[in-house]
Each structure stands twice: as C-alpha cells, then as structure tokens.
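**Q** what's the 3D shape of this:
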Amino acid sequence: MNAHQWLELAVYIAALVLVTKPLGLYINRVLNPNGRTWLDPVVRPAEKMTYRLLGTDPEKEQTWKQYTFALLIFSFVSCLFTYAILRSQEHLPLNPQQYGALPPHLAFNTAISFLTNTNWQSYGGESTMSYFSQMVALVIHNFASAAAGIAVAAALVRGLARHTSQTIGNFWVDMIRITYYLLLPICIVFAVFLISQGMIQNFKPYTTATLIEPQTVSVQMTDANGNGITNSTGNAVMTNQVVTTQTIVQGPMASQIAIKMLGTNGGGYTNANAAYPFENPTPLSNFFQMLGLLCIGSAMTYHLGRETKNQKHGWAVWYAMFIMFFAGVMLCWWSEARGNPIHQHLGVMAADGNMEGKEVRFGIFDSALFATVTTDASCGAVNSMHDSFTPLGGLVPMFNIQTGEVIFGGVGAGLYGMLIFVIIAVFIAGLMVGRTPEYLGKKLESYDVKMALLAFVILAFIILGFTAWACVSPWGLAGLNNNGPHGFSEMLYAYTSCAGNNGSAFAGLNANSPWYNTTLGFDMVLGRFGMIVPLLALAGSLAKKKIVLASAGTFPVSGITFVLLLVGTVVLVGALTFLPALALGPIVEHFLMLQGTLF
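**A** Take a look at the predicted model:
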C-alpha cells in the first residue's frame, strides 16, 4: 500500500466525481423525449425513422402495466433471437475457426445471461463463439440489456417525480433514445480509444505461432469420443504433451469490450477477460475500463436529483454509494496486500502480498480495485481471478453483489436497486417517529413498501435456495474443484453472481453442465425480472400519488443523517440476510487459513 497506489485511487475518485454532473445532465436530456442534445442533427432523423418502422407514437406514454408488458415481450423475442443464432452458429457467416453450434443447455444459459445483463459465461469465448455470434448475438444484447436497465430506472424516477399521473413513460422511446443518444456514441469513442491502446479489431482468422521453446504440459487423457478419462477414485488420468505452437486470438474485440464496460455487461471476448493482454493492453486502458464501469451508474444519481428537483437528495444517494465503495476497496486491498500466511511459510515474501491468480502487469492494488468496482457495478469483467483471492478479499466482491449491487451498480440497475433501500430506510425512519413515512412529498403506503421488499426478498430467496439445492445434489458437488468452505463459497458466489446479474465467478467451479447451466439460467431470469416487475409496479403507484406538504415530522432525505441511515440499511439488511451463509464460506475459511489449512 504505497504512495503511487494511493495517488491512483485519488485520481480515480476525482475522475468519477468530475464525470458525474456533466454526464448526469446529458442523461437527463436523453431520458426526456423532448430533450435536446448536441447529437440531434445527426441522430434525430434515425430516431424518427425507427419510430415509424416500429409503428410507435413517441407522444403516447404507457401505464406501468403496458411498460412492463413491452419490456417482457422485447426481452422474450430478443432471447429467442440469440438462442437461435447460438444453436445454428456453424451455418452462419464470419466463422473462420469453424466452431459448431452450442449445446442446448449452454445456448439457453448464454442467451439468458446476455438478456439479463449478467453475461455469465460457462464457456471460453475464444474457443466457442464465432465472430458473428460475438458481434450479433452477444454485442446487440449488451446494448439492449443496458438500455433496458436505464429505462427501468428512468421509469421509477418518473414515478417519484410525477404526481396524479397514470403513466411512467414509453418503453420503446426510452430504449431507442438511450441506445442512439447515449450508448452508441460513447461506445464508438471508447472503442477507438481502446484500439489506440493496442486492442484488436479485425476479422482475421486466428494466428498460429511457432514457439521458440517447446513446452511440456500435463493434460487429461480422453477416449474416442473426446470425453475425459478418470480412474477408479474419480481423479483425472493425466498424460504429458509437448506443445510447439500457440494460437493467438483475433477478431472484433474492441467493439465488444467498449459496451462490455460502459454497459456494465462484463462478458469477455476471451476466457481470461480483462486479464488477457488484447482485452486490456495497458495501465491506461485498465484505468479507463474501471472508470467506464461506474460512470453511468454514478451519473444516474445526478439524474435522480435533477428529475425530482432535489439535487441534494441525488448527492446524498451518491455519498451513500461512495462510502460503501471506499470501504470495500480498503478491505479488499488490505486483505490482498497482507497476503496468505500459508504462502509466507513456504518462503513467499509478505511484502509481495497475495499474487495468486493476478496479472503481474496490474498487481495487488489494481486487481483489488478492479474486483471491487466490477462487483459494485453489476459487471462480470475481471482482470484477476476472484477464486484465488484471500477469503476476506473474496468476501468483498461477494458481499457487493449480495447488497443488490447498489453501490453505483449496473447502468440503471444500481439506481433502482438503491431506491429500494431508500424506501426501506424512509419507512424505518417513519416507524421511529410514529408517522406515516413520506418520500419526496409522497406518503409511502403498505403497497409501496411491499413492492420494495418483494424486489429484495426474491433476490435472497433464489440465491440461498439454489445454493442449498446445489450443496445437497450430486450434480452440484460434481462441479467443485475445491472442498470445504471454499467449495461452498464457489457455489454461493455462482448463484449470487447470477441472481445479482453480475456474471463474475469463483472460477474453480465447473458450471458448464446441464444442471448448472439450467439452474443458473433460471437464477438470472428471476434475479432480473423478479426485481424489475415489482419496481415498475411501485413506479406506477408513486406516479398516481398526490404531493403532500412537508411537516415537522417529515424525514429529510439529504444530509449526513439520511446518508448514514441509508448505508446502515443496506449493510444491515444484507448482513442479516446472508451472514449465516458467509459465515459458512469465506469467514470460516479466513480463520482456517490463519491456522494453516488449505482447501
């Protein structure tokens, strides 16, 4: 923990603060159907043409039920579109490596994954996906799922800002404007920047290079059908193999990585994700990828304040997010810099920290910061392997997701997730003073609180329920690479990541099996839409309410008291819900690690 790392953290925080207001103002204009932007002369004709092609009247708004129905129909059709491409990949163009169709369970899991902005990958992108699948099936969904998240957040904020209104906007207008005016322009600029840093963008076949020094590697033996051979105890039968060539990945990478970061998607072009040199070539590309992860989520808090005409409230929400972000960075950084005492007993210097699973170009700090940012942001991108973190270091990204990823969070998803906790916090404050809780001039009634709680409870239910199922099932235990509390953490992290629509993993778990792919797929669907539908119902309820004048009993939703209450609500609700499971996983593993036990 040296001065250069503290300086980088300070620069990162300063950059995030500086981008929040201008980007928030721009987003506010984009989310206003009549808003004007500097892109209007170029984009407005395309916007109007799209409305005509879809038969959409941009002046006609929708009730919350109509908005929800449009979202679900769009999601269902686009999911079928992606599934069809993945199942017929071998017959489609731009497939120089001649990759075959994905198995049904893997195609189902992948289509659901990219639909829900999770981007969980049970496959290695460079060894599974054609260029066509990467560009059409996956990248299009990266834009669509990100736009859908921002649209839901916009609808909820409109519900807060409006009064005696039956409508919360038009889903199709929101999707088109977000994609055309926000996501496409910034992704084009960001992709060009990434190319300037050395990221590839081409359609060339993979390059085969001859090694100067052949390498001998140990690989599992396979039978005539290509299946791995195991011995009587279930262990893999290994054989030595001399490797004389290396395959170097090519393809349209920069265009996918730009939206992967800015849309908080996380689906890597390669299996190593942002640890792969082509996906993350330089320290500068690493810094701006981390900044891209949080910039839209941070700016959405400014949009909240602007739209509700209470900018102090928007900043209060930002401060609450920042406090939890900073605490997570500090704990993860400290734990990884402190290292693993078991390694130190074997001769590894304590000053080197825990470098297991980390890219040496980035080291301890950038790995810890990236891991914290990506799990704060509902993004599965990684530049190190979370499975190799120390127990407390791995606890931070897991807990970040279990909060509902409300610490800036995914694009749109972070704001609407945090607003759940805002409503719960205001409700608690109302109970403390014995008054009906009020939020931004509207009384919160039982229906509103029930919808907010339902959106959170379903997250906890599916994470703990699916993990418990996997723990007692042969198919669940068969995917483990580690036993004991670490093996439990691998399963818990998988279902946490998918329910939270994050997509990162404790990669020691082999999840590419029919049972895991199917259960994780349903985990992702319920985690995404099980939260969105109650929130849109809440938006509709809030939009109908009348404004009531503030009184002496009205709890202020700005200032340090509100910020601390909001942070406490997020931490306590998350801790009370998941603490027993965390105690069985990373917490007990930490104490066992101090005693010299490995798993």
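
**Q** mind listing the strands for this protein?
**A** Applying DSSP state E to the chain gives strands spanning 207-220, 238-248, 438-439, 442-443.

**Q** worst-scoring helix or strand of the protein, pLDDT-wise?
**A** Every helix and strand of the chain was ranked by mean pLDDT, DSSP states H and E. The lowest is helix 341-345, at a mean of 86.

**Q** and that one, how far out from the chain's middle?
**A** 33 Å (Cα atoms, centre = their mean, to the nearest Å).

**Q** what of stretch 573-592?
**A** Remark: stretch 573-592 is offset 22 Å from the chain centroid, using Cα atoms, centre = their mean.

**Q** mind listing what's buried along that stretch?
**A** For stretch 573-592, burial by neighbour count (16 or more other Cβ atoms under 10 Å) applies to 573-574, 577-578, 581-582, 584-590, 592. No exception for glycine: its C-beta is placed from N, CA and C like everyone else's.

**Q** can you check stretch 63-80 too?
**A** Buried, per 16+ other Cβ under 10 Å, within stretch 63-80: 63-64, 66-68, 70-71, 74-75, 78-79.

**Q** which one of the residues you listed sits closest to residue 533?
**A** Using Cβ to Cβ, residue 68 comes nearest to residue 533 of the buried residues of stretch 63-80, at 5.9 Å.

**Q** OK, contacts around that closest one?
**A** 532-533, 536-537 (Cβ atoms under 8 Å, 6 or more residues apart in numbering).

**Q** for residue 397, see how far away it is.
**A** From residue 68 across to residue 397, the span is 31 Å (Cβ to Cβ, to the nearest Å).

**Q** same thing with residue 317?
**A** Residue 317 is 22 Å from residue 397, by Cβ to Cβ.

**Q** then residue 57?
**A** Relative to residue 397, and taking Cβ to Cβ, residue 57 is found at 44 Å.

**Q** neighbour count winner among these two?
**A** residue 397 (28 against 11; other Cβ atoms under 10 Å).

**Q** wait, doesn't that one sit right on residue 375?
**A** Yes: at 3.8 Å, residue 397 and residue 375 qualify as touching, with contact defined as Cβ atoms under 8 Å.

**Q** find residues that contact each of those two.
**A** residue 504.

**Q** any buried residues in the least confident helix or strand of the chain, and which?
**A** Buried residues in helix 341-345, counted by 16+ other Cβ under 10 Å: residue 343.

**Q** how about residues contacting that helix?
**A** 350, 354, 356, 593-594, 596, 598.

**Q** check the gap between the closest residue to residue 539 other than its chain neighbours and residue 589 for me.
**A** Distance criterion Cβ to Cβ, 6 or more residues apart in numbering; nearest residue to residue 539, sequence neighbours excluded, is residue 159 at 3.3 Å. The spacing between residue 159 and residue 589, counted by Cβ to Cβ, is 43 Å.

**Q** just residue 332 next, same as before
**A** 15 Å.

**Q** what about the helices in the stretch 401-550 of the chain?
**A** For the stretch 401-550 of the chain, applying DSSP state H, counting those that start in this stretch gives helices covering 413-433, 446-471, 474-478, 484-499, 514-544.

**Q** got JSON lines for those, with mean pLDDT too?
**A** Shown next, in JSON lines, are the helices of the stretch 401-550 of the chain (pLDDT from 0 to 100):
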{"stretch": "helix 413-433", "mean pLDDT": "90"}
{"stretch": "helix 446-471", "mean pLDDT": "92"}
{"stretch": "helix 474-478", "mean pLDDT": "92"}
{"stretch": "helix 484-499", "mean pLDDT": "94"}
{"stretch": "helix 514-544", "mean pLDDT": "94"}
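
**Q** mind checking which of those helices is nearest residue 33?
**A** helix 514-544 (15.9 Å).

**Q** give the other helices and strands that the closest one contacts.
**A** Helix 514-544 sits against helix 64-87, helix 104-115, helix 139-161, helix 413-433, helix 446-471, helix 474-478, helix 484-499, with contacts defined as 3 or more Cβ pairs under 8 Å, 6 or more residues apart in numbering; DSSP states H and E.

**Q** with distance to residue 311 as added columns, please give these in CSV.
**A** Formatted as CSV, the helices and strands packed on helix 514-544 follow (distance: least, Cβ to Cβ, whole Å):
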stretch, distance to residue 311
helix 64-87, 26
helix 104-115, 34
helix 139-161, 13
helix 413-433, 15
helix 446-471, 23
helix 474-478, 48
helix 484-499, 33
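
**Q** so which of the ones you listed gets nearest residue 307?
**A** helix 139-161 (4.8 Å).

**Q** what sits against the closest residue to residue 296 other than its chain neighbours?
**A** Nearest residue to residue 296 in three dimensions, chain neighbours excluded: residue 411, at 4.5 Å (Cβ to Cβ, 6+ apart). Each residue near residue 411 by Cβ under 8 Å, 6+ apart is listed here: 146, 149-150, 262-264, 296-297, 300.

**Q** of the residues you listed, closest to residue 361?
**A** Proximity of these to residue 361, judged by Cβ to Cβ, is greatest for residue 262, which lies at 22.5 Å.

**Q** the closest one - how many residues pack around it?
**A** Other residues lying near residue 262 total 26 when counted by other Cβ under 10 Å.

**Q** report pLDDT for it.
**A** pLDDT, residue 262: 94.

**Q** so what's the residue count around the residue nearest to it when sequence neighbours are not counted?
**A** Once flanking residues are discounted, residue 262 sits nearest to residue 292: 4.8 Å by Cβ to Cβ, 6+ apart. When counting by other Cβ under 10 Å, one arrives at 27 neighbours for residue 292.

**Q** again with residue 319
**A** Residues near residue 319, counting by other Cβ under 10 Å: 18.

**Q** how about the contacts made by the residue nearest to it when sequence neighbours are not counted?
**A** Closest residue in space to residue 319, ignoring its immediate chain neighbours: residue 563 at 5.0 Å, by Cβ to Cβ, 6+ apart. Contact analysis of residue 563 by Cβ under 8 Å, 6+ apart lists 316, 319-320, 323.

**Q** repeat that for 10 Å
**A** Each residue near residue 563 by Cβ atoms under 10 Å, 6 or more residues apart in numbering is listed here: 315-323, 425, 557.

**Q** and residue 330, by the same measure?
**A** 1, 9, 368, 372, 396.

**Q** does the last one touch residue 370 like I think?
**A** What it means is residue 396. No: look at residue 396 against residue 370 with Cβ atoms under 10 Å: they stay out of range, at 11.8 Å.

**Q** which residues do the two both contact?
**A** By Cβ under 10 Å, 6+ apart, the residues touching both residue 396 and residue 370 are residue 332.

**Q** which among the contacts of residue 411 count as buried?
**A** For the contacts of residue 411, a burial check counting by 16+ other Cβ under 10 Å picks out 146, 149-150, 262-264, 296-297, 300.

**Q** which of these lies closest to residue 476?
**A** Distance to residue 476, by Cβ to Cβ, is smallest for residue 264 among those, at 28.3 Å.

**Q** ok, now how distant is the closest one from residue 146?
**A** From residue 264 to residue 146 the distance is 7 Å (Cβ to Cβ).

**Q** common neighbours of those two, please.
**A** Contacts common to residue 264 and residue 146, judged by Cβ under 10 Å, 6+ apart, are 117, 296, 410-413.

**Q** low-confidence stretches in the chain?
**A** In the predicted model, the chain carries pLDDT under 70 at residues 225-226, 233-234, 552-553.

**Q** contacts only, for the residue lying closest to residue 396 once chain neighbours are set aside.
**A** Closest residue to residue 396 apart from its sequence neighbours, by Cβ to Cβ, 6+ apart: residue 332 at 4.1 Å. Neighbouring residues of residue 332 by Cβ under 10 Å, 6+ apart: 364-365, 367-372, 375, 386, 389-390, 392-397, 400.

**Q** switch to 8 Å and redo it
**A** Residue 332 makes contact with 368-369, 371-372, 389, 392-393, 396-397 under the criterion Cβ under 8 Å, 6+ apart.

**Q** can I get these in CSV with distance to residue 493?
**A** Below are the contacts of residue 332 laid out as CSV (distance: Cβ to Cβ, whole Å):
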residue, distance to residue 493
368, 17
369, 19
371, 12
372, 15
389, 11
392, 14
393, 13
396, 12
397, 8
